[in-house]
Structure formats: structure tokens, C-alpha cells
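# no sequence on this one, just coordinates:
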RNA sequence: UGGCCCCUAGUGUAAUGGCAGCACGACUGACUCUGGAUCAGUUAGUCUAGGUUCGAAUCCUAGGGGGCCAGCCA
């Protein structure tokens, strides 16, 4: 049966594009762009925009440009343009030769500014920033006109040329559009088009000392690039009238701006200002710290590009402000890695276990399935011997109810190996459990006739003499609160940082098949989670990042049991 | 307080005047040599009040709630 794939309903932006296609509004063209400012690293919120813009181009047989919105030389750096390109490529999108910079358009923008001056639609203003603020009025009161508003065009032309020539210090003058000081939309109260900044630009060097503002740049850049649909986030909605005003006043090709709601994630901050602050103040190790919501951080954490694209697909596009549970992101990487990651046995917190009735020098090679979800992935051999390590959490002397793991006198299966029974618990002088002595049922090895016997629990393990040492880095949410900005008076989001967001385990053991593992390789540690080899990894000491734990219904059960106890106690 | 935008199960998102659906979560159960995965099932929603209409989540009005805007940031 080849049932037709039911068309996933279009989001509202795609609906607009489709309607335009049906009416032939742009001669059948669809041309979008992704316009990052190179002042920081891309994060998961940008991925939403990238998937939308490149996705629409793909879906409607159009193109998507990459354009760096580099109009503010005080904040922008080449390092960021390189990282941005890396991240977009990693996500799997291709802008081919359509790589543009707003700074490529500086001369054209300057000419357009002169044109508006000539038509009496722009003027050079000498108000200080403070004065300009007080002239602007408030949300409820109109502003008052700048005293320089009615200068003759010739004088404006000359002053603007002298601004460009570098005759005036920073902040002393601006070029402003002459629109409407009483407009209820503050963006139309004679907005600044150019400011003086004697700062070197990452591309144009010292060629310019005046720089156009975002508003005077963005629409025209879209226009130059023949963009059809200029998709941006909601906070630019109030700027659309200005976008339209510049295109109309300049009488140039006029794309349509469409706004959608930006991504918010629980337990996460997604503003570049804050991410920069986390990096600059060393709350994290860098932009690619695996706890960061940056694409480079997620990548280092072990997220796949596919899982991020899948995530962007499931969250949808709309205009309503919303917050996605960070668990949705975690689920999308679980879903992807479940199908693709090789299973492997690793012990995070080792507890020695001796099979007292297993021959001293015997080693058996046991066949282990690499990926039960993918028969093509094949199998590998795992060595078993008398001395093993199991997970400390998998043994309990006085276990709570429904504990299916090992306990004194209890039986469990060692995965791919034998059913064992705990005969003796060895403790040190302080009463800490240091070793377990177990017997094994020699007929119960996986694959043997006696293997059919059922026991409730199955444990992962490694052979003490064959395993490799590893460091495992466990990551937890960077913030303690769903909404990191939910703080008491006088505090800020940094007060909500989770002091335990990184836990480093230095005494872990992994099965020998990981000897050749390379940075970036991903594995599932059976019963634990998904892990990715970190770039800090050395041949003698593997370093692994936990991407995300496996779903853990035991942990969940315990949680509800504890809550039940609490209730009983308080009641 | 002015302008603009938004409001559909717990979360997110469809339905564009005609049966309120999907995904995720949560809960049940089945299966399981990963307490994973998988499968089956259950759960739960149109912010409120009016109006238009044979018929309203959808259109109109008022109210409520939320977001954005007073950078020479983007």
C-alpha cells in the first residue's frame, strides 16, 4: 500500500507564501533570507528561523540567502561570522553563492540617504542623545520636533557629506528621517538613519565613520536582494511601518515583512546579551559549553542536526508568544539517537562484583547486539571474566519496593551473560559497601537452553580486567527555574543558575570496544543514556558528554513514592 | 496611560462560517535479556459577556489576560 502522505498543514507563513504563489504576486518567485547579526553565536532560537527560511525556500522551490546584518561595528566580529556559517552548514542548509553582507550595501545606502535628504524627507540633527530622548515624548504624549528639523536640503546635504568625511565626533550628529513626531508608533517619530561611529568595521575597515541603523538598512537590503518574504520575529512588528516607509519613499522594490513568535524554552535563556554574559563572566566554559543552548554547545553536547531540525518542525510557527518545555528538545534527540546510536555497556559509578564460582583465568567473548532498532548495525564481542564492575545504584542492601535490581540473596541477569545471585556483601571498616560476591547459574548464559529462565532485572556491566577508564560529564539544566528571569527584587537571572549543572565523574569504566572512539562519536550506554565523545578526549582517558539520559521510569516511580511519603507525613 | 500584536487539552499546534483534530506529556495495560524501545488504550481544550448567522474557535463589540515599543542595538 502506498498511501499518500497526508500533507502536513501549512503554518501561517507558508500559507501566505502559497497564497502569493496562487495569485502570482511575485512572478512565481519565493526568495527568503536568514539575516543574523555577527555579534554572537547562533542558538536554538536561530535554528527555528533558519529552518523556517531555508525550509520555505526548499518547499516552494525558491532560494534563501545568508545575509550578515553587520551595521554596528562596535559589536561585530569575524569570529562570529565564521561560527555562524559553520552552524548553518552543520544544520544541513546551503546558501550556495548567496552570501551577503549589509556592509556591501553601504555606498548604495548612503546614496539613498542623500536621495531622501534631497526630497526633504531627512535631516541632520544635532541633538544629543539625552535631548533626543526628551524630545521623543512618551507612550502617551507626542514628541516635539527637533530644532534642526527644517534645515534646507542643501545644508543637510553638506552636513551629511561632512559627517561621512569624519569632521564630527561620535554622537554629535545624526541623520534622521522626517516622518511624524506625534505618531503613536514611536518608531516613526523621526527615527535615526545614520550615526557617527569612529570604529573599525570587520569588513569595511576604516572606510566609514557613519553607519546606517538597522531600520535604514534591513528593508533596503531585502530590496536589493530581491527578497519576496522577509520573515522576522515579533518584536519587529512595530518596525514594519518604517520598513514600508523607506521602501515607498525610496520608490524601490518592496518585499513583504512577516513576523512570527520567537522561541522560548523552559530552564533556558535565549538572548544574545545574556548568553554573552554567561560566557564573559565564566559561568560556562565558552560559547560551545555543552550546557549552552547555542548550536555549537548542543553539537558538543551530542545533539544531532537531524534532531534539531525535527524539533523545529514539531514546535510549529505562530504569532502567539509561547514557551516550549525543554523536555521536547530532549525527546527529539532521544528519538533520533534511539534509531542510530550504537549500544555499549559502561559503568558510571563502579562497584566491584566477583563471580566466586567462575574460573579465575577464564574469559568468554559474548555476542552483543549493536542496535536492536537497526539489524544492519550488527554485533560485537564483549569479554566476561571473574571480576566485573556493575553500577553502584544497581545494588541496594535494603531496597525499596519494586526495586528490580540486585539485592542480598537476589537474582538478576547480567546483560548478554549469566543470571547471578548475590551471596555476600563486603564492607570496609566504615560500613561502606566495597564489593559483592555473587554466584552464577552456568546454564543461563544468553543463547543457552537454560537462558529462558526469567528474572526481573537485567544489569549492565564491564569486565574489570578488560574495561577502559573514562571521564563522564553529566549535564543538568543551567537554570533552576522554568523561567530564569523569575527573580526576587534586586536579583537577576544569574541568581537562578544551577550550581550543579555540571557533574564530572572521573572513575567510569567502559567496555573495550570504545578503544577507537573518536571525538563526536555517539553511543547509547545501555540503561543510562546517550553520550558523545568530547574533544577533550585523550587516548588514555576517554571523555564523554552525556547528551541526555534515557527515559527512566524507575526514577519517576521513586519520585512519586517520595512525594506520597511527604504527603502522608504532612497529613 | 497610547499604539500594535496575541489568547484552542498540561505544553505546543491545526481547523480560515459547517463533525474541535494532531503531536508531545501524563495515566493504564501488553511486550521486553536496556525499568530503553515498541504496541494498545485513557485523559483533557476554544479567556468572559453580548451581537451577526440556519450555523461562530473563526466575523463584530465590550471586557479580561499576555507580549512588544520611549537605543545614535538588532
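Good, I have the coordinates. Not measured: the values here are computed from a predicted model.
# In terms of helices and strands, where is the residue of chain A found nearest RNA strand B?
Proximity of chain A to RNA strand B (CB to the nearest atom of the strand) peaks at residue A:446, 2.0 Å away. C-beta: built from backbone N, CA, C; applies to glycine. Here residue A:446, judged by DSSP states H and E, is contained in no helix and no strand.
# Contacts only, for it.
Residues near residue A:446 by CB atoms under 8 Å, 6 or more residues apart in numbering: A:366, A:367, A:416, A:417.
# where does the third one land in three-state SS?
The three-state assignment at residue A:416 reads coil, by DSSP: H, G, I helix; E, B strand; the rest coil.
# what's around residue A:111, how many residues?
When counting by other CB atoms under 10 Å, one arrives at 11 neighbours for residue A:111.
# Show me what the mean pLDDT comes to for the strand or helix carrying it.
Per DSSP H and E, residue A:111 falls inside helix A:106-118. Across helix A:106-118, the average pLDDT comes to 98.
# Show me how far it is from its chain's centre.
On the basis of CA atoms, centre = their mean, to the nearest Å, helix A:106-118 sits 39 Å off its chain's mean C-alpha point.
# now stretch A:254-267
The answer for stretch A:254-267 is 16 Å, by CA atoms, centre = their mean.
# rewinding a little: now the buried members of the contacts of residue A:446.
Neighbour counting by 16 or more other CB atoms under 10 Å classes A:366, A:416, A:417 among the contacts of residue A:446 as buried.
# near RNA strand B, from those?
A:416, A:417 (CB under 7 Å from any atom of the strand).
# got the contact list for residue A:297?
A:287, A:288, A:289, A:290, A:291.
# Which of the helices or strands spans it?
Residue-wise, residue A:297 maps onto helix A:295-301 under DSSP H and E.
# pretty sure residue A:308 belongs to a helix, no?
Yes - assessed by three-state DSSP, residue A:308 belongs to a helix.
# out of everything not next to it in sequence, what's closest to it?
Leaving aside its chain neighbours, residue A:308 sits nearest to residue A:47 (5.3 Å; criterion: CB to CB, 6 or more residues apart in numbering).
# on that earlier part again, what about the helix holding residue A:111 and RNA strand B, touching?
No - taking CB under 7 Å from any atom of the strand as the criterion, helix A:106-118 and RNA strand B are apart, separated by no less than 11.6 Å.
# what's the burial count for the residue nearest to residue A:344 when sequence neighbours are not counted?
The shortest distance from residue A:344 to any non-neighbouring residue, by CB to CB, 6+ apart, is to residue A:523 (4.7 Å). Neighbour count for residue A:523, taken as other CB under 10 Å: 26.
# Next up, phi/psi of residue A:523, please.
Residue A:523 adopts backbone torsions of phi -140, psi 160, taken as degrees, to the nearest 10.
# and it, bridged to which residues?
residue A:342, residue A:531 (DSSP bridges).
# Hmm, it is touching residue A:341, no?
Yes - using CB atoms under 8 Å, residue A:523 is in contact with residue A:341, at 5.7 Å.
# Show me the helices in chain A, by range?
A:12-22, A:44-59, A:78-91, A:106-118, A:129-135, A:153-165, A:215-224, A:240-250, A:272-280, A:295-301, A:305-315, A:326-340, A:553-570 (DSSP state H).
# Mind listing what's buried along the fifth one?
The neighbour-count criterion (16+ other CB under 10 Å) identifies A:132, A:135 as the buried residues of helix A:129-135.
# hmm, who's touching that helix?
With CB under 8 Å, 6+ apart, helix A:129-135 has contacts from A:125, A:127, A:143, A:144, A:145, A:146, A:171, A:174, A:181, A:192.
# Run the contact check for it versus RNA strand B.
Yes - judged by CB under 7 Å from any atom of the strand, helix A:129-135 and RNA strand B are in contact via A:129, A:132, A:133.
# Format the residues you listed as JSON lines; extra columns: pLDDT.
Listed next are the residues of helix A:129-135 next to RNA strand B as JSON lines, based on pLDDT from 0 to 100:
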{"residue": "A:129", "pLDDT": "97"}
{"residue": "A:132", "pLDDT": "98"}
{"residue": "A:133", "pLDDT": "97"}
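# Which residues of the stretch 201-350 of chain A lie near RNA strand B?
Residues of the stretch 201-350 of chain A lying close to RNA strand B by CB under 7 Å from any atom of the strand are A:211, A:213-215, A:218, A:234-239, A:261, A:314-325, A:327-328, A:331, A:334-335, A:338, A:343.
# could you redo the last one with a cut-off of 6 Å?
Selection of the stretch 201-350 of chain A residues close to RNA strand B by CB under 6 Å from any atom of the strand yields A:213-214, A:235, A:237-238, A:261, A:314-325, A:328, A:331, A:338, A:343.
# one step back: which neighbouring residues are in contact with the residue nearest to residue A:344, exactly?
So residue A:523 contacts A:341, A:342, A:343, A:344, A:346, A:514, A:517, A:530, A:531, A:532, A:544 (CB under 8 Å, 6+ apart).
# Now tabulate those residues in JSON lines and tack on pLDDT and neighbour count.
JSON lines is the format used below for these (pLDDT from 0 to 100; neighbours: other CB atoms under 10 Å):
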{"residue": "A:341", "pLDDT": "98", "neighbour count": "26"}
{"residue": "A:342", "pLDDT": "98", "neighbour count": "19"}
{"residue": "A:343", "pLDDT": "98", "neighbour count": "19"}
{"residue": "A:344", "pLDDT": "98", "neighbour count": "22"}
{"residue": "A:346", "pLDDT": "98", "neighbour count": "29"}
{"residue": "A:514", "pLDDT": "98", "neighbour count": "21"}
{"residue": "A:517", "pLDDT": "97", "neighbour count": "21"}
{"residue": "A:530", "pLDDT": "98", "neighbour count": "27"}
{"residue": "A:531", "pLDDT": "98", "neighbour count": "33"}
{"residue": "A:532", "pLDDT": "98", "neighbour count": "26"}
{"residue": "A:544", "pLDDT": "98", "neighbour count": "29"}
